[in-house]
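Undergrad: Just to be clear, the model below is a prediction. Sequence and coordinates:
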Amino acid sequence: MRSIWNGAISFGLVSIPIKLVNATESHSISFRQIHTEDGGRIRYRKVCELEDREVSSAEIGKGWEDADGTIIPITDEDLSHLPLPTARTIEIVAFVPADRIDPLQMDAAYYLQAGGAPAAKPYTLLREALKRSHKVAIAKYALRGRERLGMLRVVGEAIAMHGLLWPDEVRAPEGVAPDTSVTVRDKELDLADALMDTLGEVDLDDLHDEYREAVEEVVAAKAAGETPPEAPSAPSSGKVLDLMAALEKSVRAAKRSRGEEPEKAASEKGTEGAEEAGEAADRESESGAEVRHLSQRRSARAAPKGTGGKKSTSTATAKKTTAAPRKSTSKTARSAQPAKKATASKSTAKKAAAKKTTDKGTTAKGTTKKSAAKKTTTARKRTA
């Protein structure tokens, strides 16, 4: 690896020659600017505004712009005579626990490579001291025209240094948190904990830049003259209306992704119970059973009165409807009485007619017998 800075670590009276090496590298895809009409490259040229001509890198130096716009030239020789001990030295100023460092302060990361054989022994000594103390070293160093703050820690068998921002460079989180007062219930926290446990841990080595891979696929397809693949539709990030339902759904989705069978949520169980009750009511109504909706009756009874003490229309209508069957019942009873009287008179007339018929038949029989007896008596007298 190519070094970007050469210097030494100052550890008390011990000096450790080192080389500064970048610990990270960028894999992001960079694009070139082109002219959209003909595809020509867009280039920036360094031009002197006084002479109006392009200048080479060897002709370019540094300058400080004053408040009034005046440029004050600064040479490398001027910077080499800076009265700073950290110009070419990483000066360790303290050793602190690692949790004392706010991650917001962390900047670029570097490896400190031992500068030759003489640096091996003091380099190893510092590394082992950091390991045994479980602390990190806070240091100051100068790089790229400014003094910086750094943190030294052990990574494997090497010493790494993280550039740190100065405390006054970290902004306070003012106006970031919600202004409104929010109360989080224990049940919501329990669901959040369940979601965290379900998602579990992850091996950072398994994570990769999916966006960069997608861009590479688009570039490869266009280079081959093919149609670039279509991007999948992004999931709709709707407004969260029910936090509990969203948490329960997230837990179930996480369990499905891990191959586990998610348990039914309480809200779903309640919905299923309501559906089963509704199906049972439908079966009873189909079989002829009477289904009463108590909630509707209660709401009808609890209907509020209208404004100004007037009775509500629904109450008056209900009373009229209730009174109507009573009137019809009384009318039916009244109409039933003449019918009973008519039936009774008819039956009496039938009995009287039957009695008369019987009496006539009896009278006729008696008359016939008397006539027959009279004739017999007359016949006997004649014979005598």
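TA: Thanks, I have the structure now.
Undergrad: Now do the residue nearest to V47 when sequence neighbours are not counted against E210, distance only.
TA: Once flanking residues are discounted, V47 sits nearest to E54: 5.3 Å by Cβ to Cβ, 6 or more residues apart in numbering. Bear in mind the C-beta positions are built from the backbone N, C-alpha and C, glycine included. According to Cβ to Cβ, to the nearest Å, E54 stands 42 Å off from E210.
Undergrad: just checking, the residue nearest to V47 touches R43?
TA: No - counting by Cβ atoms under 8 Å, E54 does not reach R43; the two are 10.7 Å apart.
Undergrad: Mind checking which of the two has more residues around it?
TA: Neighbours were counted for E54 and for R43 using other Cβ atoms under 10 Å; E54 has more, 10 against 7.
Undergrad: next one: phi and psi at that one?
TA: Note on E54: its backbone torsions stand at phi -80, psi 140 [degrees, to the nearest 10].
Undergrad: Could you tell me the phi and psi values at G145?
TA: When read as degrees, to the nearest 10, the backbone of G145 gives phi 80, psi 10.
Undergrad: Spatially nearest residue to it (excluding sequence neighbours)?
TA: That would be L79: by Cβ to Cβ, 6+ apart, it lies 7.3 Å from G145.
Undergrad: give me the low-pLDDT residue ranges for the stretch 251-384 of the chain?
TA: Within the stretch 251-384 of the chain, the stretches with pLDDT under 70 are 262-384.
Undergrad: Kindly report the same for the stretch 1-150 of the chain.
TA: Within the stretch 1-150 of the chain, the segments meeting pLDDT under 70 span 85.
Undergrad: any idea where the helices of it begin and end?
TA: Under the criterion DSSP state H, counting those that start in this stretch, helices of the stretch 1-150 of the chain are mapped to 76-80, 120-133.
Undergrad: now the ones you listed as CSV including distance to T183?
TA: Shown next, in CSV, are these (distance: least, Cβ to Cβ, whole Å):
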stretch, distance to T183
helix 76-80, 58
helix 120-133, 44
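Undergrad: does E147 have beta-bridge partners, and which?
TA: Following DSSP bridges, E147 is listed with bridge partners A142.
Undergrad: List the residues that contact it.
TA: Contact analysis of E147 by Cβ atoms under 8 Å, 6 or more residues apart in numbering lists L84, T86, K140, Y141.
Undergrad: Go through these and say which is closest to R153.
TA: Proximity of these to R153 (Cβ to Cβ) peaks at Y141, which lies at 15.1 Å.
Undergrad: what number of residues lie near the closest one?
TA: The tally of other residues near Y141 (other Cβ under 10 Å) stands at 25.
Undergrad: which phi and psi does the closest residue to D107 other than its chain neighbours have?
TA: Distances taken as Cβ to Cβ, 6+ apart put G163 closest to D107, at 3.7 Å, once the chain neighbours are dropped. Dihedral angles of G163 (phi, psi; degrees, to the nearest 10) stand at phi -70, psi 140.
Undergrad: what number of residues lie near G163?
TA: 16.
Undergrad: go on, the one 3 residues further on?
TA: When counting by other Cβ under 10 Å, one arrives at 10 neighbours for W166.
Undergrad: Okay, it and W64: tell me how far apart.
TA: Using Cβ to Cβ, W166 is found at 21 Å from W64.
Undergrad: How about K19?
TA: Distance of K19 to W64, given as Cβ to Cβ: 30 Å.
Undergrad: P122 now?
TA: The spacing between P122 and W64, counted by Cβ to Cβ, is 38 Å.
Undergrad: quick one: which of the contacts of E147 is nearest to I29?
TA: The shortest approach to I29 among the contacts of E147 belongs to Y141, at 32.2 Å (Cβ to Cβ).
Undergrad: what's the closest one in contact with, if anything?
TA: For Y141, the contact set (Cβ under 8 Å, 6+ apart) comprises G7, T86, T89, I90, E91, E147, R148, G150.
Undergrad: thought the fourth one was touching F11?
TA: No - I90 lies out of contact with F11 (Cβ under 8 Å); the separation is 9.2 Å.
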